[in-house]
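Participant: okay, predicted coordinates and the sequence, questions at the end:
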Amino acid sequence: MRISPTFIRLLDDWEVASDEVKEHLGVNGIERIRECFAENCKFYLTSVPDLFRPGLLTDPAFEKNYARAQPGQCANPFLEYCAPIVRDRLLRLYEELKLDGTSEVPLQSLMYDVLPTARFTGVCVYTADPATDSLIPQLQSGSIGLRRPLPLDLTQESSIGDPLVEAYLSDNILQEHKGMSAQALLTAVCGAFGSSQRLGVLYAEIPTSCYDAERRQHQLHFKAICQALNDCLRLV
């Protein structure tokens, strides 16, 4: 795919602006701007949510990776930002996808190899059931400590504020929730998956001490895994 000179200039401008933001607002400046941007655009988040598909609107570096990917190559825009051990596991998964796109092996690798390597200790994939307006747990790995993986009715008042529901219905890239299990303090990270429309939510728990130590890195791992889930399910 050919990239226009205008797009390349925009990427250069982004790099300059990114450095300026970090200098004046700190290393989390971009994230702070994104949060303010989302808060100030609630009307558009409600009326045209697909404009705010995770990772594509306010991160040109991720868009660049999609644009330069050739047919048959891995186009996961978050891959290069992962820690080497997680990136290696994901690359192995994509090799499995190339060998047999209909096999369940890549999905099993994602659940039982990639996610534990990324330090997530309990994971559940929920799919949306439009007939019942519910999120249904379909696939689980590890030990989930903060909730029981049961169907969740999106229409019940008791579901309001639940991070799973918020992740599915809102247009924030990620939802986070901290809680105490029987063994440890955990952080649950939730994010919707799907392409042109949301098809479900990936729920993953990680020890809070681990998550807080490198929050941005674990967020990038989660986003890379969400994209890999899309690719395993052939959601285009």
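Facilitator: Yep, it's here.
Participant: sec struct for residue 186, please.
Facilitator: Put simply, residue 186 is strand when judged by DSSP: H, G, I helix; E, B strand; the rest coil.
Participant: chain neighbours aside, what residue packs nearest to it?
Facilitator: What sits nearest to residue 186 in space, not counting adjacent residues and going by C-beta to C-beta, 6 or more residues apart in numbering, is residue 205, at 4.8 Å. Quick note: C-beta positions are derived from backbone N, CA and C, even for glycine.
Participant: measure that neighbour to residue 197 for me?
Facilitator: Counting by C-beta to C-beta, to the nearest Å, the gap from residue 205 to residue 197 is 26 Å.
Participant: and those two? Which one has more around it.
Facilitator: residue 205 (25 against 10; other C-beta atoms under 10 Å).
Participant: may I have whichever strand or helix holds the more buried one as CSV, with CA atoms only?
Facilitator: Per DSSP states H and E, residue 205 falls inside strand 198-207. Written as CSV, here are the backbone C-alpha positions of strand 198-207 (Å, rounded to 0.1, in the frame of the first residue of the first chain):
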residue,chain,number,x,y,z
ARG,A,198,-18.7,-4.8,18.9
LEU,A,199,-19.2,-8.5,19.4
GLY,A,200,-18.1,-9.0,23.0
VAL,A,201,-15.7,-8.1,25.8
LEU,A,202,-12.4,-9.5,26.8
TYR,A,203,-12.0,-9.6,30.6
ALA,A,204,-8.6,-10.1,32.2
GLU,A,205,-7.3,-9.9,35.8
ILE,A,206,-3.8,-9.1,36.8
PRO,A,207,-2.2,-8.5,40.3
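Participant: may I have the strands that pair with that strand, each with its orientation?
Facilitator: Partner strands for strand 198-207, per DSSP bridges, with pairing direction: strand 122-129 (antiparallel), strand 185-194 (antiparallel).
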